[in-house]
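A.B. asks: Fold the following for me, if possible:
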Amino acid sequence: MVKPLSPQDKQSIAQAIAEAERPTEAEIVAVIAPASDAYQSYIFLYGLIAGSLIATGLWAGKILTGFPLLLAVQLGAIALLTRVPWLHGLCLRLVPRRIRHLRAAHRAYEEYLSVSRNLPASIPIVLLYVSLAEHYMHILPSRAVRGKIPGEKWNAVIGEFTASMATKGLRDAYIGAVRHMAELLTPHFPSRDETNRVSDQVIEIRS
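C.D. replies: Purely as a prediction, here's the structure:
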């Protein structure tokens, strides 16, 4: 899993957003999630499989033969995968990538709706969503923005972010993406000296 942002990192990103929004009326919203889903069904499944294998080995070696004890082994394996961070992280990596990305995309749309539902449809908004556990980034522009800037431009921002992550880390990659987004938005949505309607602070959500 990618190292989470520190409070100082979040403040740096918030300052970058404030600077990026000065020349444009568009709202840039930064959302970050440690994970987009708890994946409880997968954790339970992997815990059941691991517990069954351990219990089978104990039974075959005649170390434990009683059903209640073997059942306790299975339940203990499930509990360990749920509670021990590094085991939980390992299980997340075993979840099929397609499922992880589908759930991350769904969470990104939920966050976009949460931010935009109280704003006029004419307000240009771009939400930058990053989920650490899924190694996933999604950019969601409002209808006003989609009408001016094609999806290929946002794909380029995602590509730049992914490349920067490997060399510069999450904070610098995030700041670079925010600045790139502002460069795309400013020519189409120049500043009208209006007050920001959305906070510049990083929105951190929980799974």
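A.B. asks: hey, let's count contacts and neighbours off CA atoms from now on
C.D. replies: OK.
A.B. asks: The helix or strand hosting W86: which residues count as buried?
C.D. replies: In this assignment (DSSP states H and E), W86 forms part of helix 85-94. Across helix 85-94, burial judged by 16 or more other C-alpha atoms under 10 Å covers H88, C91, L92.
A.B. asks: got a list of what the residue nearest the centre of the chain touches?
C.D. replies: Nearest to the mean C-alpha position of the chain, by C-alpha atoms, centre = their mean, lies S131 at 1.3 Å. Contact analysis of S131 by C-alpha atoms under 8 Å, 6 or more residues apart in numbering lists I32, A33, P34, A35, S36, A104, M137.
A.B. asks: can you redo the residues you listed as CSV with secondary structure and pLDDT?
C.D. replies: What follows is the contacts of S131, written out as CSV (DSSP: H, G, I helix; E, B strand; the rest coil; pLDDT from 0 to 100):
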residue, secondary structure, pLDDT
I32, strand, 92
A33, strand, 91
P34, coil, 88
A35, coil, 88
S36, coil, 90
A104, helix, 92
M137, strand, 92
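A.B. asks: if I look at A16, how far off is G89?
C.D. replies: Applying C-alpha to C-alpha, to the nearest Å, the value for A16 to G89 is 30 Å.
A.B. asks: Not counting sequence-adjacent ones, nearest residue to the residue nearest to the centre of the chain?
C.D. replies: A33 (4.7 Å; C-alpha to C-alpha, 6 or more residues apart in numbering).
A.B. asks: for the helix or strand hosting G51, what is the average pLDDT?
C.D. replies: Using DSSP H and E, G51 falls within helix 40-60. The pLDDT scores in helix 40-60 average 89.
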